[in-house]
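Chemist: prediction below, plus the sequence it came from.
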Amino acid sequence: MSRNYDNWERLVAAVLRKEQLWQLFHEDSRKPPVQVHPVQPKLVFVSDSSPVFDFEDLLGASAKLLGHGTFGSTYSAAMDNGITVMVKELNMLSMSEVKFKRHMELVQHIRHKNVVELRGYFYSKDEKLMFYDHYSNGSVSTLLHGITGENKANVNWETRKRIAVGVARGIAYIHTQCGAKLVHGNIKASNVFLDSQQYGCVSDFGFTNMTPITFLNTARYHAPEVKNSFSVSQSSDVYNFGILLLELLTRKSSNQDFDIVMWVNSVKRKEWTTKVFDVDVFKNPAIEDQMVKMLQIGIRCVARAPKKRPKMSAILKIIEDISTMNTKNYISTTVNQNNKLVFFDDLDRGFDLEELFGSSAEILGKGTFGTSYKVVLDNEILFVVKRMKQYIELIGKLRHDNVSKLKAYFYSNDEQLLVYDYYIRGSVSTILHERSCWEDRVRVAVGAAKGIAYIHRQDGVKLVHGNIKASNIFLNSQQYSCVTDVGLSMLTSQMTLTDYHALEVTHTNTVSQASDVYSFGVVLIELVSGKTSQITTYDGKIVSLVTWIHSTIREEWTNEVLDIKILNNENEKGMVQLLQLAMRCVVINFEDRPKMSEVVGILEEISGINTRLEHLLAMLTLHNE
């Protein structure tokens, strides 16, 4: 019998002897039957789905020591009845039975797939045990570092990302409980277990609320403020999670002999790839960008000042984005103390420039005038930031449901930014090939047309958008489209010409409301055909979508042009009408193109909006009569 098993046997036998002694001295014999005895210590199972067993089963179990933790030893116990549980011995805790059970009631109500679920517990004055589901894949500590630092497993990047995502989900959930005041307090690799899909699940939840933590003050994984105040918080949980991220990236263990935070911070950024990352996982250069972004998050989490650490909810969003292998970028720049964000509406205030530059950012696209980023602030507000070369204040006064609202701007000699609301449904360019509903495409067309028509009515009926294309049209929550990048083309003498631009723009380098109509016509063709603005012909030539349409015989539009994914007998007529309107918009002679107000009316007819309104008005008239 191994030493591990021997310790386990002594532990269970001690508890079992206490039960037997209790029964011996509290038997009903000659004492009056009305006498009330103390309640016998027993195993308490917290749900009907919990496996049922007793101490006799545990005594005969094949047990394995999983590790010695902050609050006691953890065992895996495989019983003869086929049940395997994880048993936590809380030998470092000293508290009353009432307090212990009150805490168990709290823990048992935490239900999340990334939080190890409590199945049962036992309390006596000398022994306190907790029972959890068994995780056959073991802990992250064992996976990364081995039991004795040897025989390390091969852990690929995908598994490490899943661990990070799972743990982030679990902690973020804990932080939403009890009025968003609940704290884990003891996050580390040995307290994270892997489920069947290799996602991380956190255990040891809430023990710091049960006991003074003065004996933890030398632990490397605790935040600086915990070592000084002996008080944990959600912010210190973030610090602990940051260390876990660093361990996942470096495969180095944070312990008494090695300060992983100090070590990572001592390495220059340009040397991260060669000195910080685990060489076993960094053999694949395709994941370098993801690892760098994950390291940036980890470093933010272990910031010395608690206020500079992000919230777990914000961290979760970023890590989930990285796990889906999206291309990322992070805004980094030096902020002058005198430079400030200028807000157009007092209601929009709530963050400053330093917070904006300290946020994580995902590239949405590189456009004509600059790069757009999705920015997640620590307070979880989502915005889109546009790096630009010029700025005009008129844009900030535009207010329409189908025009992306400018929230604020920033200007310095080196940096100009526009801040917009973030549209979670993405741009028309991104989602076009995912859409299979004709009604949705018409709704996109109507919304964008209304937004452009509104723009054309501003500034003495002279305002021009100048850069209409699918990637500059976003969807709001009602699936209607909103145009962005309004007016930026008017601020630069140099323009990057695309297949969305009319012929006269390529010659004069000047945009107009008529050229806006042309650009919108290209978008309409994209919507009805499901193709992009530039296509490859059968003979391998790359041509604009408009050129290709003109080369197609009108009688073949239905078979050659209309998107077969959405084409059917019910909407064929509407699709042909939309294509006819688009062809009017892209005629070479700009004077022959319709006004945007006319385009809106035709699109509403195609979509049936006017027909439905007339029907409703007729019904109201009949009702009033």
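Modeler: Looks like it arrived, so ask away.
Chemist: and for residue 257, the neighbour number?
Modeler: Applying other CB atoms under 10 Å, we find 7 other residues in the vicinity of residue 257. Every residue, glycine included, has its C-beta placed from N, CA and C.
Chemist: same thing with residue 268?
Modeler: 8.
Chemist: how about it, phi and psi?
Modeler: phi -70, psi 150 (degrees, to the nearest 10).
Chemist: now swap in residue 542 and tell me
Modeler: phi -100, psi 120.
Chemist: which residue packs closest to it, ignoring adjacent ones?
Modeler: Ranked by CB to CB, 6 or more residues apart in numbering and with sequence neighbours excluded, the top spatial neighbour of residue 542 is residue 536, at 5.5 Å.
Chemist: before we move on, what about residue 128?
Modeler: residue 90 (4.2 Å).
Chemist: which of the residues in stretch 182-202 are buried?
Modeler: 182-195, 198-202 (16 or more other CB atoms under 10 Å).
Chemist: is the residue nearest to residue 128 in contact with residue 72, as I believe?
Modeler: Yes - between residue 90 and residue 72 there is a contact under CB atoms under 8 Å: 4.8 Å.
Chemist: burial check on the residue nearest to residue 542, number of neighbours?
Modeler: There are 10 residues near residue 536, going by other CB under 10 Å.
Chemist: do I have it right that it meets residue 545?
Modeler: No - counting by CB under 8 Å, residue 545 is not a contact partner of residue 536; they are 11.2 Å apart.
Chemist: what helix or strand is residue 131 on?
Modeler: strand 128-133 (DSSP states H and E).
Chemist: walk me through the domains of the chain.
Modeler: What automatic domain parsing lists as the domains of the chain is 1-27+36-134, 139-327, 342-421, 428-613.
Chemist: mean pLDDT for those: which is lowest?
Modeler: Among the domains of the chain, domain 342-421 carries the lowest mean pLDDT, a mean of 62.
Chemist: do a quick rundown of the helices in the stretch 451-600 of the chain.
Modeler: All helices of the stretch 451-600 of the chain, identified by DSSP state H, counting those that start in this stretch, fall at 458-461, 503-508, 513-529, 545-550, 557-560, 572-585, 596-607.
Chemist: dump the ones you listed to a markdown table, plus distance to residue 115.
Modeler: Putting the helices of the stretch 451-600 of the chain into a markdown table (distance: least, CB to CB, whole Å) gives the following:
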| stretch | distance to residue 115 |
| --- | --- |
| helix 458-461 | 53 |
| helix 503-508 | 57 |
| helix 513-529 | 45 |
| helix 545-550 | 51 |
| helix 557-560 | 56 |
| helix 572-585 | 50 |
| helix 596-607 | 48 |
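Chemist: next, format the ones you listed as JSON lines and append mean neighbour count and distance to residue 235.
Modeler: Below are the helices of the stretch 451-600 of the chain laid out as JSON lines (neighbours: other CB atoms under 10 Å; distance: least, CB to CB, whole Å):
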{"stretch": "helix 458-461", "mean neighbour count": "11", "distance to residue 235": "46"}
{"stretch": "helix 503-508", "mean neighbour count": "14", "distance to residue 235": "53"}
{"stretch": "helix 513-529", "mean neighbour count": "25", "distance to residue 235": "46"}
{"stretch": "helix 545-550", "mean neighbour count": "19", "distance to residue 235": "52"}
{"stretch": "helix 557-560", "mean neighbour count": "14", "distance to residue 235": "60"}
{"stretch": "helix 572-585", "mean neighbour count": "19", "distance to residue 235": "54"}
{"stretch": "helix 596-607", "mean neighbour count": "19", "distance to residue 235": "51"}
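Chemist: so residue 121, which of the three states?
Modeler: The local conformation at residue 121, judged by DSSP: H, G, I helix; E, B strand; the rest coil, is strand.
Chemist: for it, what are its contacts?
Modeler: 43, 44, 46, 100, 104, 128, 129, 130, 131 (CB atoms under 8 Å, 6 or more residues apart in numbering).
Chemist: neighbour-wise, which one of those leads?
Modeler: residue 130 leads those on contacts (other CB under 10 Å) with 26 neighbours.
Chemist: list the contacts of the nearest residue to that residue once chain neighbours are set aside.
Modeler: Using CB to CB, 6+ apart and skipping the chain neighbours, the partner closest in space to residue 130 is residue 88 (4.3 Å). Neighbouring residues of residue 88 by CB under 8 Å, 6+ apart: 69, 71, 72, 73, 74, 129, 130, 131, 132, 203, 204.
Chemist: and residue 88, that's in a strand?
Modeler: Yes - under three-state DSSP, residue 88 sits within a strand.
Chemist: residue 72 versus that one, what's the distance?
Modeler: 6 Å (CB to CB, to the nearest Å).
Chemist: residue 62 now?
Modeler: 20 Å.
Chemist: out of the two, which sits in the more crowded spot?
Modeler: Taking other CB under 10 Å, residue 62 and residue 72 do not tie; residue 72 has more neighbours (19 against 12).
Chemist: show the backbone phi and psi for that one.
Modeler: phi 160, psi -180.
Chemist: isn't it up against residue 91?
Modeler: Yes - counting by CB under 8 Å, residue 91 is a contact partner of residue 72 at 4.4 Å.
Chemist: that older thread, closest to residue 174 out of the helices of the stretch 451-600 of the chain?
Modeler: Ranking the helices of the stretch 451-600 of the chain by proximity to residue 174 (CB to CB) places helix 513-529 first, at 44.8 Å.
Chemist: tilt between the closest one and helix 572-585?
Modeler: Relative orientation of helix 513-529 versus helix 572-585 (axes from the mean of the first three to the mean of the last three CA atoms, to 10 degrees): 150 degrees.
Chemist: returning to what we had before: of all the helices of the stretch 451-600 of the chain, which lies closest to residue 110?
Modeler: Comparing the helices of the stretch 451-600 of the chain by CB to CB, helix 513-529 comes nearest, at 47.3 Å.
Chemist: which other helices and strands contact the closest one?
Modeler: Packing partners of helix 513-529 (3 or more CB pairs under 8 Å, 6 or more residues apart in numbering; DSSP states H and E): helix 428-431, helix 438-456, helix 503-508, helix 545-550, helix 572-585, helix 596-607.
Chemist: in the longest one, which residues are buried?
Modeler: Pointing back at helix 438-456 there. Applying 16+ other CB under 10 Å to helix 438-456 flags 438, 440-456 as buried.
Chemist: how about residue 591: what's its closest non-neighbour residue?
Modeler: residue 514 is the one closest to residue 591 (CB to CB, 6+ apart), at 7.5 Å.
Chemist: quick check: the one you found touching residue 592?
Modeler: No - in this structure residue 514 lies outside contact range of residue 592 using CB under 8 Å: 9.3 Å.
Chemist: neighbours of residue 303, how many?
Modeler: 19.
Chemist: and residue 305, by the same measure?
Modeler: Considering only other CB under 10 Å, residue 305 is surrounded by 9 other residues.
Chemist: how much space separates it from residue 261?
Modeler: From residue 305 to residue 261 the distance is 13 Å (CB to CB).
Chemist: now residue 279
Modeler: For residue 279 relative to residue 261 (CB to CB), the value is 21 Å.
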